[in-house]
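Chemist: Build me a model from this:
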Amino acid sequence: MVAATQSASVYAFDDSKITWHPFAGIDYLEFSLYDLDVERQVIDLIVKFEPNKIVALHNHLAQTNMMVIRGELRMYETDGTLKEVRPAGTYTRGKRNDVHSEGGGADGAIVFYSVRGHGDENLFEIMDDDAHVLATLTMADLRGAWEQQRGA
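Modeler: Numbering: from 1, shown residues only. Presented below is the predicted three-dimensional model:
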C-alpha cells in the first residue's frame, strides 16, 4: 500500500511589478491606485507598509474594506495599544468614523483597500498623536493622485 501525500501549494505575492508611490504626509507606507470611480465614489488601492512601523493616527470617514495580501496588518488604538493583528488572507469590512493607526508586522504588510464614499468628498482625516485633525484627504486628492499615476 502506498500512502497518499498531499502537497501544499505555496503562493507568494510578488509585488515587483507594482509601481509604488509615496503617500504625502504619511510615513512608512507606499501605495498604488487600481481604480477610481468618481460617480460611485469607489477607490481601489493597494498599500505597502514598512516592517514594524506604525503610520499616523487617522480616521476613516468612508467605509474602507480591506484584504491583507502579504504579511500581517497590525491595528492600534488611539493610545498606541495593539488592538488586533490581521494575517494574510484576512478580509475586513470597515466602518465609518474609525479612528486608529495601523502598520506592518515583522515582515511588513501589503493590503488591498476598497474605499466606499458616502456622498461627501472627505474620505480620511490625518491626525496628530492627540487626535487633532492635521489634514483631510478628499476624493479630489485621490483624483489628482490617479491622474498623476496614470500620466507617469
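Chemist: C-alpha from now on. contacts and neighbour counts both.
Modeler: Fine.
Chemist: Which secondary structure elements does the helix or strand hosting Ser101 sit against?
Modeler: Here Ser101, judged by DSSP states H and E, is contained in strand 98-116. Contact analysis of strand 98-116 by 3 or more CA pairs under 8 Å, 6 or more residues apart in numbering; DSSP states H and E lists strand 42-49, strand 58-60, strand 63-76 as its packing neighbours.
Chemist: who wins for proximity to Asp130 among those strands?
Modeler: Nearest of these to Asp130, taken as CA to CA: strand 58-60 at 10.9 Å.
Chemist: which secondary structure elements does that closest one contact?
Modeler: strand 98-116, strand 122-127.
Chemist: Please repeat the previous calculation with a cut-off of 10 Å.
Modeler: strand 98-116, strand 122-127, strand 133-138 (3 or more CA pairs under 10 Å, 6 or more residues apart in numbering; DSSP states H and E).
Chemist: For my notes, please list those strands in CSV and give distance to Gly151, mean neighbour count and mean pLDDT for each entry.
Modeler: As requested, these are exported to CSV (distance: least, CA to CA, whole Å; neighbours: other CA atoms under 10 Å; pLDDT from 0 to 100):
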stretch, distance to Gly151, mean neighbour count, mean pLDDT
strand 98-116, 22, 21, 97
strand 122-127, 23, 21, 95
strand 133-138, 20, 15, 95
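Chemist: Check the gap between the spatially closest residue to Met66 that is not a sequence neighbour and Phe31 for me.
Modeler: Using CA to CA, 6 or more residues apart in numbering and skipping the chain neighbours, the partner closest in space to Met66 is Tyr113 (4.4 Å). From Tyr113 over to Phe31 the distance is 10 Å, taken as CA to CA, to the nearest Å.
Chemist: Give me the common contacts of the two.
Modeler: 45-47 (CA atoms under 10 Å, 6 or more residues apart in numbering).
Chemist: So among those residues, which ones count as buried?
Modeler: Buried by 16 or more other CA atoms under 10 Å: 45-47, out of the shared contacts of Tyr113 and Phe31.
Chemist: Check the residues you listed against Ser101 and report the nearest one.
Modeler: Val47 (14.0 Å).
Chemist: Rebuild the helices and strands packed on strand 98-116 as a markdown table, extending it with distance to Arg93.
Modeler: Converted to a markdown table, the helices and strands packed on strand 98-116 look like this (distance: least, CA to CA, whole Å):
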| stretch | distance to Arg93 |
| --- | --- |
| strand 42-49 | 14 |
| strand 58-60 | 12 |
| strand 63-76 | 4 |
